[in-house]
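Q: pasted the sequence and its predicted model underneath.
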Amino acid sequence: ELKVEQNPLFLSMQEGKNYTIYCNYSTTSDRLYWYRQDPGKSLESLFVLLSNGAVKQEGRLMASLDTKARLSTLHITAAVHDLSATYFCAVAPWYNNNDMRFGAGTRLTVKP
Amino acid sequence: DVKVTQSSRYLVKRTGEKVFLECVQDMDHENMFWYRQDPGLGLRLIYFSYDVKMKEKGDIPEGYSVSREKKERFSLILESASTNQTSMYLCASSLAGLGNEQFFGPGTRLTVL
């Protein structure tokens, strides 16, 4: 069974600092997704990573995928308050694109 | 833009009631999904559908059923609601095929008293 683990689950950062959220998964996959959720809102797609070594960047967020290590990272550069949200990674196993499993989420708070 | 809508944002029901949650998407997506979201557990898949009248169980189908009579609409049914089904329910849709991201609706927060 595919398991997805994120860490940390809670992250409090100062504005301007850098940090990384980690997403480990337990079975072979080359399809990994990052989503953002604001309080009381639904999930918004951030990145889709579809191959080993894939790297995508948008603004202060950069996501990467290492399929051999079964690890994805979401790196935050020079955090700003607007990045405060919960971030989820999700992985689809190689044998079933519809059976996507989500991590528990990382609640990020960026303080001034 | 893909739009996924859900019939209610908030719903309060009593134990034993039959509950219908409706989801509609407007982008002709083949796949539709129902998840529940609970604190500390992330999202867990209840059911998904890859075509009209087709359905597959997810991780936690017990106590739920689904219906997909039209491509754009996917309904989640709680036959006899229980308090442990109090949760946030999220609907999503995607194109068929590998690597297609899911687009989510706004969610329905269901409280069962």
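A: On my side now, so go ahead.

Q: off-centre distance for the helix or strand bottoming out on mean pLDDT in chain A?
A: Sorting the helices and strands of chain A by mean pLDDT, DSSP states H and E puts strand A:101-102 at the bottom, at a mean of 90. Counting by Cα atoms, centre = their mean, to the nearest Å, strand A:101-102 is centred 11 Å from the centre of its parent chain.

Q: would you put the C-alpha positions of the helix or strand just after that strand in CSV?
A: Next helix or strand after strand A:101-102 toward the C-terminus (DSSP states H and E): strand A:106-111. Extracted as CSV, the C-alpha positions of strand A:106-111 are listed here (Å, rounded to 0.1, in the frame of the first residue of the first chain):
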residue,chain,number,x,y,z
THR,A,106,2.3,20.9,6.5
ARG,A,107,0.7,23.9,8.1
LEU,A,108,3.0,26.8,7.4
THR,A,109,2.8,30.0,9.3
VAL,A,110,5.0,32.9,8.2
LYS,A,111,5.5,35.6,10.9
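
Q: which strands or helices does strand A:106-111 pack on?
A: strand A:10-14, strand A:85-91 (3 or more Cβ pairs under 8 Å, 6 or more residues apart in numbering or on different chains; DSSP states H and E). Every C-beta, even on glycine, is put in place using the N, C-alpha and C of the backbone.

Q: other SSEs contacting the first one?
A: Pointing back at strand A:10-14 there. strand A:19-25, strand A:106-111.

Q: how about 6 Å then?
A: strand A:106-111 (3 or more Cβ pairs under 6 Å, 6 or more residues apart in numbering or on different chains; DSSP states H and E).

Q: on that earlier part again, most packed of the helices and strands packed on strand A:106-111?
A: Sort the helices and strands packed on strand A:106-111 by mean neighbour count, taking mean count of other Cβ atoms under 10 Å in any protein chain shown, and strand A:85-91 sits at the top with a mean of 24.
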